[in-house]
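Visitor: just a sequence and a predicted model for now, questions to come.
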2 protein chains.
Amino acid sequence: MAQLNFRIGDFETNSSKIVDSIQKAKVRGAALVVFPELAVCGYPPLDFLEFDDFILRTENALQHIANQCIGIAAIVGAPCRNTGDKGKPLFNAAAFCYNGTVEYFHKGLLPNYDVFDEYRYFEPAKSFKTLHFNGLKIALTICEDIWDLGQSRLYTIDPMETLARDKPDLMINIAASPFHYHQARRRHEVLKANVEKYRIPLIYVNHVGAQTELIFDGGSTALCANAMVGKSLPYFEEALEVVDTKDLLSGKNSLDPAFDNKTSLIHDALVMGIRDYFSKMGFRKAVLGLSGGIDSAVTMVLAVKALGNENVTGLLMPSQFSSDHSVADAQTLANNLNSPSHTIPIKDSYLAIEQSLGPVFEGTSFGLTEENIQARLRGLILMAYANKYNHILLNTSNKSEAAVGYGTLYGDMNGGLSVLGDVYKTEVYELARYINKDAEVIPLNSILKPPSAELRPGQLDSDSLPEYEVLDRMLFHYIEEQLGPGDLIERGFDPSMVQRMLKMVNTNEYKRKQTPPILRVSPKAFGMGRRMPIVAKYLT
Amino acid sequence: MAQLNFRIGDFETNSSKIVDSIQKAKVRGAALVVFPELAVCGYPPLDFLEFDDFILRTENALQHIANQCIGIAAIVGAPCRNTGDKGKPLFNAAAFCYNGTVEYFHKGLLPNYDVFDEYRYFEPAKSFKTLHFNGLKIALTICEDIWDLGQSRLYTIDPMETLARDKPDLMINIAASPFHYHQARRRHEVLKANVEKYRIPLIYVNHVGAQTELIFDGGSTALCANAMVGKSLPYFEEALEVVDTKDLLSGKNSLDPAFDNKTSLIHDALVMGIRDYFSKMGFRKAVLGLSGGIDSAVTMVLAVKALGNENVTGLLMPSQFSSDHSVADAQTLANNLNSPSHTIPIKDSYLAIEQSLGPVFEGTSFGLTEENIQARLRGLILMAYANKYNHILLNTSNKSEAAVGYGTLYGDMNGGLSVLGDVYKTEVYELARYINKDAEVIPLNSILKPPSAELRPGQLDSDSLPEYEVLDRMLFHYIEEQLGPGDLIERGFDPSMVQRMLKMVNTNEYKRKQTPPILRVSPKAFGMGRRMPIVAKYLT
């Protein structure tokens, strides 16, 4: 079982990794090495799949891999061409490589919801065959193929049900199953249900590593015929493990599955998400604005865990509205982490800009425009620092803010990557407490004080938003559960608050269009998995 | 034939528009009114389709419409529920409304490529039936259903072929077919091919109006049984026209189809795109930065045509690197258009920012960071003006720049809408000449001088990019035609230029992730129709 972190389109690195694992597995006595879905090209390749050159390179890499499979076999995910005269030009396939040959097995159930667009590229398989290898009949499937179990109503066929007629000895499923905080538990339930239904062992191999917004948590598993766990690979790291199919068939050495709690899963996922984004973009260093508030504090701690304390720089950019305690809290955090920080006051620049705008702004008074100028000036300084010293700016907005548009485009919404954009404010507090469980890394004051953007004197989030406890529950029902206003009011939310907040969510779609990619940790994140019209008039 | 401009999710306005057209058509003696695909909810509704509340509102609006169809029938596009026990929860349907009843006809071919995601929401129809009305057997289909003609290899079924077995008298197709500069001609070819194949008339009704990036050009058509045009509705405007099916069957009063040239089509599409974005977002006024260059000049002229000269404000923001002629050209343009303009020099603000960064930038020299600061300062001032006076900032970047990442995030890449982001630089020149065909609206100097960002002394685009004639041809092959590097070199492009430019295109995906929505005028625009990984290592 080879649970690896691949790079999209980097055929050379991916195929060396694969060949290297095959050779290691051979030394350890394995007969077959299983790699994840679309391993050769990386996942998700998106519209690169429409380039013939990209497919050619995949085919060449796969042939190279097959040529290394001498006396050992490998199952490797790869796109393959649809040579029939109808349908999409590709299949999503599991390539069985053995002694220089490649045999393809096609995916039947193509997810096309949330973050998935597989019908964009692939034709679904209509027929299914078992793989015969080493005296075993293997039902070889790809991710979604075994996920449905005829339970949802999405699909009209059931690949595993068809394969079961062949009476296979073993199921193998290769996957690219993105993380969210309930996915590990749900995945185990699905795998277990398959084993309980077909009463044969199941070997499941998943991707690990982050691909921009999508995080793959690994957690590859081999289940014994009795549905107990026979082998369990780690979460959030690469692993190569040998599993003995005889043990799976007999059910000995079985383990209890273990699942971390939601906050710790989010924490680990975000750390890997930051680390992989930087390494895959070819960067080592991050910069972010430190306001003394909880969002920037949590972001900085996660970045330090991902990149190392010396590689994360905090900029303090006080204005005339910044409170003394904010500056002190920000400085304490940087000191606690032993990370570099600089203070760059924005007052003089702000006054120069205001002066240049004087003639066109004559007769107007301080308002939202001036608040935004401060946020944008900070965004400008952060980007200048990032440009000058080859850093990536980390965005510190949370999901509650992103939802209601409580942020300034080209200001605090700047960044190469949004760390907390899929984490509600109330969950940010949980992360902060989790981070502080052994020591006060984040100053308690940042956790305890009422949230404020500090863009005018005495400003508090609660001036314009409901309490986050209430707001976040309502947003969860609307965004994750897609409830309408009637359902929300029925659940006890104040009707005028519901109307005002849903209007804010929907009219701020234009801002979310321009946000950085957001690390996805929930079942419904802003980004590729949630597609909304900008010019619309629904609930506004 | 009711070719209307709908608003997504605005059920009240959409159904009043529909009912109003039904009443007008009744007065004019029509028996049946045909509206476009998904007219009731607007197109594209995207993930609003996943909200039960949204579907309920569609159903209520449709029932209201059906109740108004007394003594007259209507065909209206709307989503409808899949009441079967398998498949996606909705169909994309044509609702036949008559005397208070609604009968649904389901779409069979669901486009799921480029800007289309119909498999995300809809189950494809597997069986098809003709509509019997007023003594006629009607083959009623939806957009893509008649588009394929078994010519492409995308689909495994052919709805019109199935319906033809019923020997219909007439075809009706309702559509939401987005504009690009070849689409009107291509659409006519497809409609004509259907009529030539089945030898019966065809009534085709399309959306008109822009929905953020997607532009619908109308051009609804009725073709006679002899494949001549019997009735032709205008492009880029709403229309309600009565067509006599007897005339279509006999083929009298037939017209020649007329197609405008590419540049004039792009011009008209962009003007409508700007106008609809503003009206649908509830704004009347635009602001943009005027550099004296051709991109901002063309954008300003298009905006003036869309919104009126008094509603478009140009800001001149010279720095120490701005040439005198740039400022003069920008001012001449605003004068020619009789539009408001203001000059806001950025030098003092720039120096204040540089001074605040002095301690952290000590020992470094002027470079890209400082160029970006100027661009971002201009972006900040434009947004301040937009915020203060309730304007939308128009982005002026062109497609060549967007492709190679020749632009500053949070600087000149700012804006609520990108007007030229799907128009290559060489096409911007064609637009400028087209605009100037009767008079010198855009100063000739803006057209003739070599392009420059003017962010350092003597800077020219050609310092870092190939000539636009060469670059744009290469980009077209890569972006629109998806050719690989080998094909490009085979076509005579310099290998090192190909490698350098493709690397620029692919590594700048992170910038395009954060750009404003781009009005789509080509078959492959940056935005929802082109989805690329950010962390990838393909051709980089």
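Guide: Yes, it's here.

Visitor: what's near enough to touch the residue of the stretch 301-450 of chain A found nearest chain B?
Guide: Among the residues of the stretch 301-450 of chain A, A:Ala352 lies closest to chain B, at 3.7 Å counting by CB to the nearest CB. The C-beta positions use only the backbone N, C-alpha and C, and glycine is treated the same way. Contacts of A:Ala352 were listed using CB atoms under 8 Å, 6 or more residues apart in numbering or on different chains, and they are B:Asp348, B:Ser349, B:Leu351, B:Ala352, B:Ile353.

Visitor: could I get these as TSV with pLDDT?
Guide: Putting these into TSV (pLDDT from 0 to 100) gives the following:
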residue	pLDDT
B:Asp348	97
B:Ser349	98
B:Leu351	97
B:Ala352	98
B:Ile353	98
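
Visitor: strands - which of the residues you listed land there?
Guide: Per DSSP state E, strands hold no members of the contacts of A:Ala352.

Visitor: are any of those buried, and if so which?
Guide: B:Ser349, B:Ala352, B:Ile353 (16 or more other CB atoms under 10 Å in any protein chain shown).

Visitor: for the stretch 351-500 of chain A, what spans make up the strands?
Guide: A:392-395, A:417-418 (DSSP state E, counting those that start in this stretch).

Visitor: can I get these in a markdown table with distance to chain B?
Guide: Converted to a markdown table, those look like this (distance: least, CB to the nearest CB, whole Å):
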| stretch | distance to chain B |
| --- | --- |
| strand A:392-395 | 9 |
| strand A:417-418 | 9 |
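
Visitor: adding mean neighbour count and mean pLDDT, write these out as JSON lines.
Guide: Below are these laid out as JSON lines (neighbours: other CB atoms under 10 Å in any protein chain shown; pLDDT from 0 to 100):
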{"stretch": "strand A:392-395", "mean neighbour count": "26", "mean pLDDT": "98"}
{"stretch": "strand A:417-418", "mean neighbour count": "28", "mean pLDDT": "98"}
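
Visitor: among the ones you listed, which is nearest B:Arg81?
Guide: With CB to CB as the criterion, B:Arg81 lies closest to strand A:417-418 of the strands of the stretch 351-500 of chain A, at 35.7 Å.

Visitor: ok, residues contacting the closest one?
Guide: Residues contacting strand A:417-418 (CB under 8 Å, 6+ apart): A:273-274, A:277, A:392, A:394-395, A:397, A:402, A:515-519.

Visitor: equivalent analysis for stretch A:239-249, please.
Guide: Residues contacting stretch A:239-249 (CB under 8 Å, 6+ apart): A:1-4, A:21, A:24-25, A:28-30, A:136, A:169-170, A:201, A:203, A:208, A:218, A:220, A:222-225, A:230-231, A:233, A:253.

Visitor: so which of the residues you listed belong to helices?
Guide: Using DSSP state H, the members of those that fall within helices are A:Ser21, A:Lys24, A:Ala25.

Visitor: surely the first one meets A:Ala2?
Guide: Spelled out, that is A:Ser21. Yes. Using CB atoms under 8 Å, A:Ser21 is in contact with A:Ala2, at 4.4 Å.

Visitor: of these two, which one has the most company?
Guide: A:Ala2 (26 against 22; other CB atoms under 10 Å in any protein chain shown).

Visitor: circling back to that earlier point, anything in contact with each of A:Ser21 and A:Ala2?
Guide: By CB under 8 Å, 6+ apart, the residues touching both A:Ser21 and A:Ala2 are A:Val33, A:Phe35, A:Leu240.

Visitor: for chain A, what helix or strand is lowest in average pLDDT?
Guide: helix A:245-250 (a mean of 92; mean pLDDT, DSSP states H and E).

Visitor: pull out the buried residues from that one.
Guide: A:Thr245, A:Asp247, A:Leu248, A:Leu249.

Visitor: likewise for stretch A:379-399?
Guide: A:379-388, A:391-399.

Visitor: before we move on, what about stretch A:187-205?
Guide: A:187-188, A:190-192, A:194-195, A:198, A:200-205.

Visitor: residues touching it, excluding its own?
Guide: A:1-3, A:34-36, A:139, A:146-147, A:149, A:160, A:164, A:168-175, A:177, A:219-227, A:230, A:243, A:245, A:248-249, A:257, A:259.

Visitor: now it, how far from the centre of its chain.
Guide: Here stretch A:187-205 shows a centroid-to-chain-centroid distance of 24 Å under the convention CA atoms, centre = their mean, to the nearest Å.

Visitor: which residues of the stretch 401-540 of chain A lie near chain B?
Guide: A:409-410, A:414, A:416, A:482-487, A:510, A:513-517, A:528, A:530-539 (CB under 8 Å from any CB of the partner chain).

Visitor: of those, keep whichever come out buried.
Guide: A:409-410, A:414, A:416, A:482-485, A:487, A:510, A:513-517, A:528, A:530-539.
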